[in-house]
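Peer 1: Sequence plus predicted model, see below.
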Amino acid sequence: MLGRIGQRPFGGSDRDFRPLRGDDDGSSVGGNPLVTANVYSKWIEVVAVSHGTVVLLAFVLMLVLLLVAASIRVVQQYQRGVHFRLGRVIAVREPGLRFIIPIIDRLPRVSMRIVTMPIQSQGIITRDNVSVDIAAVAYFRVIDARKAVVVIENVHAAIDQIAQTTLRNVVGQHSLDEVLAQTEKINGSIRQILDTTTVGWGVEVTLVELKDIQLPDSMKRAMAREAEAEREKRAKIIAAEGEARAAAALGDASDTMMQHPLALQLRNLQTLVELGVEKNTTIVFPAPLMSAIGELTGFLTRESDASRSPQSNGLSGENFVRATTVH
C-alpha cells in the first residue's frame, strides 16, 4: 500500500502526504524525521483496518442474505406444504409465505388440484373369450398431503399401475356385450375399487371413464352381420304385424258390409270415381264376385234347359204322327 518515497500512498491525498525535498529538515512536524515516519505508519494501519472491516461486513451481509433466502418458502393457493424438522413431520402448512430453518427444516409442497391421468391401451380378454384393446382415463386429487408424502413414494406412478391392473380385472369379468352396453356400470366398479385402495394414500379418485374400445376386424364383421340380421327380423315382424292388422280391419269391414248391403254399392261407386280421375277410356262396372258367379251359373242353366226343351218337343210330335198313320 505504501509506494516509493516521494509518491502518494494508496487512498491518501496531497494534503496528508508531502514528498521530502532535499532542503526540507522536517521543521513542519517538529523538525524530527522520526515523528513524521511514525505518523505515516499509523495512518497506514488505520487504512488497512478500515478496509478489512468493510470486507468482513460485506461477507457477513451476504451470508445473512443467503440464509434469509434459504429460509423463505412460498406455498401456492393450490398447494399444501409438509413441514419436516430433523426428519419428522411437525405440521402441514397452508398457502402463504412460510419460513423454515435452513439445513434443519424441509418443506416439500403437494398440489391439491385434480390430476388427469390417461390409462394406456392394453389387451384384455373378456369373459366370453374375446380379445379387445381398451384405453381409459382417471381423475384423482390429493386430499391428505401428509399421507401423500409420508405413506407412498410416488403417488402418480402408483395410481397409474393400480388403475391398469383394476381395469384388466374388472373388464375380464364381463362379456363383450356388457362391456359395450354397460360402460357406466364398469366405470363405477373401477372407481370404487381404486377409491378403496388409494384412500390410505391420501388420494381420492373422482372419476374413471373407458375412453376407447378397439375390436378385432373379424369381430366387427360378425357384429355387422348380426346387426343386419336383427334389422331384417324387425322389418319382417313389422310387416307381418301390419298384414295382421290389415286383415283384421278387412274382416271388420266385410262384416259391416254384410250387415249393410248398400255399403258395398257405395264402395263400388267410390272406386268408379277414383278410376274416373285418371281420365281412362275404359269403364269398369265392379260387381260382387259370388253374386256374378251365381248369376252366370243360373244363366248357363237356363240356356241348357231351353236347348233341351225343343228337342224333347220334336220327338213327341214325330211319335204322334207315326201313331196316327198306323191307325
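Peer 2: That came through fine. Note that this is a predicted model, so its numbers are computed, not measured.
Peer 1: Could you report the pLDDT at residue 206?
Peer 2: In this model, residue 206 is scored at 91, pLDDT.
Peer 1: Likewise for residue 180?
Peer 2: Residue-level pLDDT assigned to residue 180 equals 87.
Peer 1: all strands for the stretch 51-200 of the chain, in order.
Peer 2: 72-75, 79-85, 88-93, 96-99, 105-106, 109-111, 115-125, 131-142 (DSSP state E, counting those that start in this stretch).
Peer 1: Now distance to residue 300 too, for those strands, in TSV please.
Peer 2: Bear in mind the C-beta positions are built from the backbone N, C-alpha and C, glycine included. Listed next are these as TSV, based on distance: least, CB to CB, whole Å:
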stretch	distance to residue 300
strand 72-75	114
strand 79-85	109
strand 88-93	113
strand 96-99	117
strand 105-106	121
strand 109-111	105
strand 115-125	80
strand 131-142	77
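Peer 1: Nearest to residue 65, out of the ones you listed?
Peer 2: strand 72-75 (11.0 Å; CB to CB).
Peer 1: separation between the most centrally placed residue in the chain and residue 197?
Peer 2: Central residue of the chain (CA atoms, centre = their mean): residue 211, 5.7 Å from the mean position. From residue 211 over to residue 197 the distance is 21 Å, taken as CB to CB, to the nearest Å.
Peer 1: Residue 208 should be in a helix, yeah?
Peer 2: No. Using DSSP: H, G, I helix; E, B strand; the rest coil, the assignment for residue 208 is strand, not a helix.
Peer 1: count of residues packed around it?
Peer 2: Neighbours of residue 208 under the rule other CB atoms under 10 Å: 27.
Peer 1: ok, now residue 154?
Peer 2: 9.
Peer 1: what's it sitting at in phi/psi?
Peer 2: phi -130, psi 100 (degrees, to the nearest 10).
Peer 1: Now do it against residue 148, distance only.
Peer 2: Residue 154 is 10 Å from residue 148, by CB to CB.
Peer 1: Pretty sure residue 99 sits against residue 72.
Peer 2: Yes. The pair residue 99 / residue 72 is scored as a contact, 6.3 Å apart, by CB atoms under 8 Å.
Peer 1: could the strands of the stretch 51-200 of the chain be laid out in CSV, adding mean pLDDT, mean neighbour count and distance to residue 159?
Peer 2: Converted to CSV, these look like this (pLDDT from 0 to 100; neighbours: other CB atoms under 10 Å; distance: least, CB to CB, whole Å):
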stretch, mean pLDDT, mean neighbour count, distance to residue 159
strand 72-75, 90, 15, 23
strand 79-85, 93, 19, 18
strand 88-93, 92, 13, 21
strand 96-99, 90, 12, 28
strand 105-106, 90, 16, 24
strand 109-111, 92, 18, 14
strand 115-125, 90, 14, 6
strand 131-142, 92, 18, 6
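Peer 1: Which of the ones you listed sits closest to residue 64?
Peer 2: Of all the strands of the stretch 51-200 of the chain, strand 72-75 comes closest under CB to CB, at 12.9 Å.
Peer 1: who's in contact with the closest one?
Peer 2: Residues lying outside strand 72-75 but in contact with it, judged by CB atoms under 8 Å, 6 or more residues apart in numbering, are 81, 93, 94, 95, 96, 97, 98, 99, 100, 107, 109.
Peer 1: how about the nearest residue to the first one, chain neighbours excluded?
Peer 2: Pointing back at residue 81 there. residue 93 (3.6 Å; CB to CB, 6 or more residues apart in numbering).
Peer 1: isn't the one you found right next to residue 106, touching?
Peer 2: No. In this structure residue 93 lies outside contact range of residue 106 using CB under 8 Å: 11.7 Å.
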